[in-house]
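Colleague: With the sequence up front, the predicted model follows.
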Amino acid sequence: MNYDLPLRLKRLRQTSASRTMLQETRLHPQQFIAPLFISELIGSKQAIKSMPGQFQLSLADLPAEIEELSSLGIPAVLLFGIPRHKDAHGSSALQDDGIVQQAIRQIRAINKDMLIISDLCFCEYTDHGHCGVLKNDVIDNDKTLHLLGEQAVSHAKAGADWIAPSSMTDGMVAAIRQALDAAVFNNTAILSYAVKYSSAFYGPFREAAQGAPQFGDRKTYQMNPANSHEAVREAALDLDEGADLIMVKPAMNYLDIIYKLKQHFPEVPLCAYQVSGEYSMLKYAAQAGLMDEQHTMIESLLAIKRAGADLIISYFAKDFARWHANQR
Ligand SMILES: [Zn+2]
């Protein structure tokens, strides 16, 4: 017998065509940013064991990498540098011939249209692995601000389009904006890691970027995963200081935060960083035969977009773009 139901929502799920037509959230390679690790310590690309399918690159590997990304339709890269020299102040981060500055110039020469975003921090450049200069083993916030401004100008001079400060230093956006404007880089934008949690999901990244803290942790500057209201304060402050775009990092465990920020600041471009742990977890689960890699990848990315992210930084950028290209 048939029940007299007012509506049957399954009707619109009956065909592939109707499911596709009514899909509310769509992903496109143009919304993706590919993170790249560029190392001064290697002569050619080296696999990152903790992140299957990811590599540390030498400068010599950049032409092939950038060409591949462009051919896949990925418009932007986020650069992390691994320098030869580390010291207490992270001085090699400030040099115009530093590894990231060289990489920026080279990428610009390879492809003038590639959007170059430089991660701005000191943890890869300091011998103690913390995100700024220390005083009595604690970060000296305001001394770090000055150095962040200097580092930002050197990235802008090399040709970076967007500067992405990731250290959660109080006042970093204002300090960087002032430094950039003083050096007449008015058109260099700031993508602030406004809401960055102290997350265990950064684990695999530590091998990739070789920037693990040598003592202690980052809980005095990164946010407590238990907090949500504080995310709005962080984002509001960075916007007041002149951030052009804001970021939530990590993504998957913080979808509520992405959603909340999009509701609070619908007019502000919002970026989410699907971090190394999110990526490697799916890769290893797929390798173990537990889940289908492609489907879990797409589902995880859709969730980030559905929550409200406009842009996604992901180690899956290339895998996703290849999948997308095969959809027709
Ligand atoms: Zn850092």
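Modeller: Okay, I see it. Residues are numbered from 1 along each chain as shown.
Colleague: Now do the helices in this protein.
Modeller: 16-21, 62-71, 99-110, 141-158, 172-182, 203-209, 229-240, 255-264, 276-287, 293-307, 317-325 (DSSP state H).
Colleague: Just tell me which of those helices ends up closest to Gln46.
Modeller: Gln46 lies closest, by CB to CB, to one member of those: helix 203-209, at 10.3 Å. C-beta here means a position set from N, CA and C on the backbone, and glycine is covered the same way.
Colleague: For Ser18, which residues are in contact?
Modeller: Leu12 (CB atoms under 8 Å, 6 or more residues apart in numbering).
Colleague: Return the distance of it relative to the ion.
Modeller: 47 Å (CB to the ion, to the nearest Å).
Colleague: got it, and Gln30?
Modeller: On the measure of CB to the ion, Gln30 and the ion end up 28 Å apart.
Colleague: Which pLDDT value belongs to that residue?
Modeller: Note on Gln30: pLDDT of 98.
Colleague: thinking it is in contact with Ser70, fair?
Modeller: No. The criterion here is CB atoms under 8 Å, and Gln30 misses it with Ser70 at 12.0 Å.
Colleague: quick one, what contacts the nearest residue in space to Pro52 that is not next to it in sequence?
Modeller: Once flanking residues are discounted, Pro52 sits nearest to Lys283: 4.4 Å by CB to CB, 6 or more residues apart in numbering. Lys283 is in contact with 51-53, 293, counting by CB under 8 Å, 6+ apart.
Colleague: Contact partners for Met168?
Modeller: So Met168 contacts 131, 193, 196, 218, 221-223 (CB under 8 Å, 6+ apart).
Colleague: List just the nearest of those residues to the ion.
Modeller: Among the contacts of Met168, Cys131 lies closest to the ion (CB to the ion), at 3.3 Å.
Colleague: before we move on, the earlier item: from the contacts of Met168, which land in strands?
Modeller: 193, 196 (DSSP state E).
Colleague: Can I get the contacts of Met168 in CSV including distance to the ion and neighbour count?
Modeller: Output for the contacts of Met168, formatted as CSV (distance: CB to the ion, whole Å; neighbours: other CB atoms under 10 Å):
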residue, distance to the ion, neighbour count
Cys131, 3, 27
Tyr193, 9, 25
Lys196, 9, 26
Arg218, 8, 20
Tyr221, 9, 19
Gln222, 9, 20
Met223, 14, 22
